[in-house]
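Okay, sequence plus prediction incoming.
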Protein chains: 2
Amino acid sequence: EILAAAERLLGKGAGRLAGKRVLITSGPTHEPIDPVRYIANRSSGKQGTAIAAALLAEGAEVTLITGPTAEPAPPGVKLARVETAREMLAAVEAALPVDAAIFAAAVADWRAAEASVRKLKKDGSGAIPDLKLSENPDILRTICALPPGKRPALVVGFAAETNDVVENATAKRARKGCDWIVANDVSGDVMGGARNRVTLIDGKGVEDWPEAAKDEV
Amino acid sequence: EILAAAERLLGKGAGRLAGKRVLITSGPTHEPIDPVRYIANRSSGKQGTAIAAALLAEGAEVTLITGPTAEPAPPGVKLARVETAREMLAAVEAALPVDAAIFAAAVADWRAAEASVRKLKKDGSGAIPDLKLSENPDILRTICALPPGKRPALVVGFAAETNDVVENATAKRARKGCDWIVANDVSGDVMGGARNRVTLIDGKGVEDWPEAAKDEV
């Protein structure tokens, strides 16, 4: 459905995306705390990978930028594997210019302020280390704010919400400056599963889609 | 090699562990911060799974208690899948009594003090949330401290160290009260790989093993 709507917007009519360059981010990011620990988001990479495969099937030239997942990349994509949010932003910038950018990765909002090169140890005193966080770059907002010509004609963000799904996603669309937000209601048991309940929010309003397998989305 | 040494200690002579009950923990634990975020340890589960398979091949009755990994469990183990350190401890206690317990999981030392049932949001102010941690139960020390009869005859711990490997592992053995510590030097690129450099520390001293594939360890 994202695909069909994207085809309408990009003006390819009934189906082909041949010659269109699309980048997709997928999966989680892992933000190191020390050599053995990290902060992560739950994300299987199934959704981004399914979208990449669908766009490939329509003839698009697809760059897939993915955090650590067990999902195999669809044959034919240009693949970039990254670990952290900062690496993902750099890979996205390196993939520009594109006609459309779809940000399906679950990027960590925060990282450890200072990743330790040594493993943090319990010292037996019962003292709890203080985990100071820093804000990661906002990849979606950064790309949306690029000047015309550099900014992709279509930028699609995703919002994983547990509550007030439409309100939060609508606010996110305005705040980020992206064209569409695909809102996932993750209050159930969706992360890592193959099915999904989504709402598409564009400049004109809200469209609910029935629950569907991720590769139909 | 763990296996051969275990056979000597458990008195089965030249090879068979038939009738012996062994539990093995494997993989990381995931400690939720909120519905989409968690703290994790890097651990592929390859080492614990390889040990479980080797013990099975020797005829032991094997219970494998594993955190989230992509490793398939060897056919024939009694399998318990857990996510957090507290769930892992409960599963270990439920599996007792056993003749030997091998703690190869990379259990998170700390968890978020209060996991949020709602997704934490960036509020646009740039404010960074304060991530308060609590100490997880110490599964190895808890099991070592069980009274004779409940405590497994052989308790094996693992120590992933980036520096002062032998010193740290020897101190860990004494602190935890376990019979053996297998020290992994993780200062290289070991986590998730198939090979490993290990040192065995028992009551008598230190034995270095050459670098080996994980299923030989």
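Perfect, thanks for sending it.

so after the strand or helix carrying residue A:160, what's the next helix or strand?
Taking DSSP states H and E as the definition, residue A:160 sits inside strand A:154-161. Next in sequence after strand A:154-161, counting helices and strands by DSSP H and E, comes helix A:165-176.

sorry, back to before: pLDDT averaged over the strand holding residue A:160 - what is it?
Across strand A:154-161, pLDDT averages out at 87.

Does that strand reach chain B?
Yes. Residues of strand A:154-161 contacting chain B under C-beta under 8 Å from any C-beta of the partner chain: A:160-161. For every residue, glycine as well, the C-beta is placed using N, CA and C.

Low-confidence ranges, chain A, go.
Low-confidence segments of chain A (pLDDT under 70): A:1-16, A:123-127, A:187-197, A:203-217.

What segments of it are strands?
Secondary structure of chain A (DSSP state E): strands located at A:21-26, A:30-32, A:37-41, A:61-66, A:78-81, A:100-103, A:110-112, A:133-135, A:154-161, A:180-185, A:195-196, A:198-202, A:205-208, A:212-213.

Tabulate those strands (TSV), appending mean neighbour count.
What follows is these, written out as TSV (neighbours: other C-beta atoms under 10 Å in any protein chain shown):
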stretch	mean neighbour count
strand A:21-26	27
strand A:30-32	22
strand A:37-41	23
strand A:61-66	26
strand A:78-81	15
strand A:100-103	27
strand A:110-112	20
strand A:133-135	14
strand A:154-161	23
strand A:180-185	23
strand A:195-196	19
strand A:198-202	20
strand A:205-208	11
strand A:212-213	12
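
In JSON lines: the ones you listed, plus distance to residue B:71.
Shown next, in JSON lines, are the strands of chain A (distance: least, C-beta to C-beta, whole Å):
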{"stretch": "strand A:21-26", "distance to residue B:71": "22"}
{"stretch": "strand A:30-32", "distance to residue B:71": "18"}
{"stretch": "strand A:37-41", "distance to residue B:71": "18"}
{"stretch": "strand A:61-66", "distance to residue B:71": "21"}
{"stretch": "strand A:78-81", "distance to residue B:71": "20"}
{"stretch": "strand A:100-103", "distance to residue B:71": "30"}
{"stretch": "strand A:110-112", "distance to residue B:71": "27"}
{"stretch": "strand A:133-135", "distance to residue B:71": "31"}
{"stretch": "strand A:154-161", "distance to residue B:71": "27"}
{"stretch": "strand A:180-185", "distance to residue B:71": "28"}
{"stretch": "strand A:195-196", "distance to residue B:71": "25"}
{"stretch": "strand A:198-202", "distance to residue B:71": "31"}
{"stretch": "strand A:205-208", "distance to residue B:71": "39"}
{"stretch": "strand A:212-213", "distance to residue B:71": "26"}
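
of all those, which lies closest to residue B:128?
strand A:133-135 (4.9 Å; C-beta to C-beta).

by contact count, what packs against that closest one?
Judged by 3 or more C-beta pairs under 8 Å, 6 or more residues apart in numbering or on different chains; DSSP states H and E, strand A:133-135 is in contact with strand A:110-112.

Say whether chain B is contacted by the strand it packs on.
Yes. Interface with chain B: strand A:110-112 contributes residue A:110 (C-beta under 8 Å from any C-beta).

What is that strand packed up against?
By 3+ C-beta pairs under 8 Å, 6+ apart, strand A:110-112 packs against strand A:30-32, strand A:37-41, strand A:133-135.

circling back to that earlier point, who does the strand holding residue A:160 pair with, and is each partner parallel or antiparallel?
strand A:100-103 (parallel), strand A:180-185 (parallel) (DSSP bridges).

That one vs strand A:198-202, what angle?
Using axes from the mean of the first three to the mean of the last three C-alpha atoms, to 10 degrees, the inter-axis angle of strand A:154-161 relative to strand A:198-202 is 140 degrees.

Centre of the chain to strand A:154-161, how far?
Chain-centre distance of strand A:154-161: 7 Å, with C-alpha atoms, centre = their mean, to the nearest Å.

before we move on, what about stretch A:93-110?
6 Å.

How far does it stretch from one end to the other?
20 Å (C-alpha to C-alpha, to the nearest Å).

can you redo the helices and strands packed on strand A:110-112 as JSON lines with distance to residue A:185?
What follows is those, written out as JSON lines (distance: least, C-beta to C-beta, whole Å):
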{"stretch": "strand A:30-32", "distance to residue A:185": "25"}
{"stretch": "strand A:37-41", "distance to residue A:185": "16"}
{"stretch": "strand A:133-135", "distance to residue A:185": "25"}
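
Spatially, which residue comes closest to residue A:177, not counting chain neighbours?
Counting by C-beta to C-beta, 6 or more residues apart in numbering or on different chains, residue A:144 is the residue found nearest to residue A:177 once chain neighbours are left out, at 3.8 Å.

Run a quick neighbour tally on that neighbour.
20 (other C-beta atoms under 10 Å in any protein chain shown).

returning to that earlier point: identify whichever of the strands paired with strand A:154-161 lies nearest to residue B:183.
Among the strands paired with strand A:154-161, strand A:100-103 comes nearest to residue B:183, with 42.3 Å by C-beta to C-beta.

Show me what that closest one is in contact with.
A:2, A:6, A:10, A:20-25, A:48, A:51, A:92, A:139-140, A:143, A:152-158, A:178 (C-beta atoms under 8 Å, 6 or more residues apart in numbering or on different chains).
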